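Trainee: here is a sequence with its predicted model. Questions after.
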Amino acid sequence: MADVRLVVTGHDEAGSALVTDDATVEPLTLGLVPGFESFELWSIDGAPVIPGGLGRPGVPHYFPADQGSVFRVVTFPPDATSTLGPDVDLVGALEEAQAKVPELVAKLEPDNPGMHATDSVDFAVVIEGELDLELDEGRTVRVRAGDCIVQRAARHAWRNPTPGPARVAFVLLGGRRG
């Protein structure tokens, strides 16, 4: 799949708009899920304050704080290719995942890999490929390139039963459970 490029705008001293950053982003990868890539693009800790509090590159926490936001692009490998081989150090792969994305690991259900629920409203656009969005009771919906999803703090998992990778852009808006 293609690289992910992040272009960020801002202002000069006179207040004129300009590009402040333009670079290819390196993905976060996990040995536990071969082929998985998460491009951690931007995050804001709370409600944006114009002009100064507009966030920062990268995502220090996998999920946003209350009123915060996270912007990322994720590549989901085909389910068949993301299975660990017999020579993989499972303990090492789990330790790596815990070190890189502890919040995600804590949300994942051990008896149902990939299933999780978040305290966020997630906006997603499938950029490439196809995925199954799995919900409770085994309910699934197939989403394809161009489809848009509004995920409202529901328990879910992303499955890729197709032979090719799928890529999705996500914006997560942090909330709190009432």
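Mentor: Looks like it came in fine. Bear in mind that the values here come from a model prediction, so they are computed numbers and not experimental data.
Trainee: report all helices and strands that the longest helix along the chain contacts.
Mentor: Longest helix of the chain, by residue count under DSSP state H: helix 90-100. When contacts are defined as 3 or more Cβ pairs under 8 Å, 6 or more residues apart in numbering; DSSP states H and E, helix 90-100 packs onto helix 102-107. C-beta coordinates here come from the backbone N, C-alpha and C atoms, glycine included.
Trainee: check contacts around residue 135.
Mentor: 141, 154, 155, 156 (Cβ atoms under 8 Å, 6 or more residues apart in numbering).
Trainee: among these, who's most crowded?
Mentor: Ranked by neighbour count (other Cβ atoms under 10 Å), the contacts of residue 135 have residue 156 at the top, with 20 neighbours.
Trainee: could you check how far that one is from residue 32?
Mentor: Residue 156 sits 19 Å away from residue 32, going by Cβ to Cβ, to the nearest Å.
Trainee: returning to what we had before: tabulate the CA atom coordinates of the longest helix of the chain in CSV.
Mentor: What follows is helix 90-100, C-alpha atoms only, in CSV (Å, rounded to 0.1, in the frame of the first residue of the first chain):
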residue,chain,number,x,y,z
LEU,A,90,4.3,-15.0,21.4
VAL,A,91,5.5,-13.7,24.7
GLY,A,92,7.8,-11.2,23.0
ALA,A,93,5.0,-10.1,20.6
LEU,A,94,2.6,-9.6,23.5
GLU,A,95,5.2,-7.6,25.4
GLU,A,96,5.9,-5.4,22.3
ALA,A,97,2.1,-4.7,21.9
GLN,A,98,1.8,-3.9,25.6
ALA,A,99,4.7,-1.4,25.3
LYS,A,100,3.5,0.2,22.1
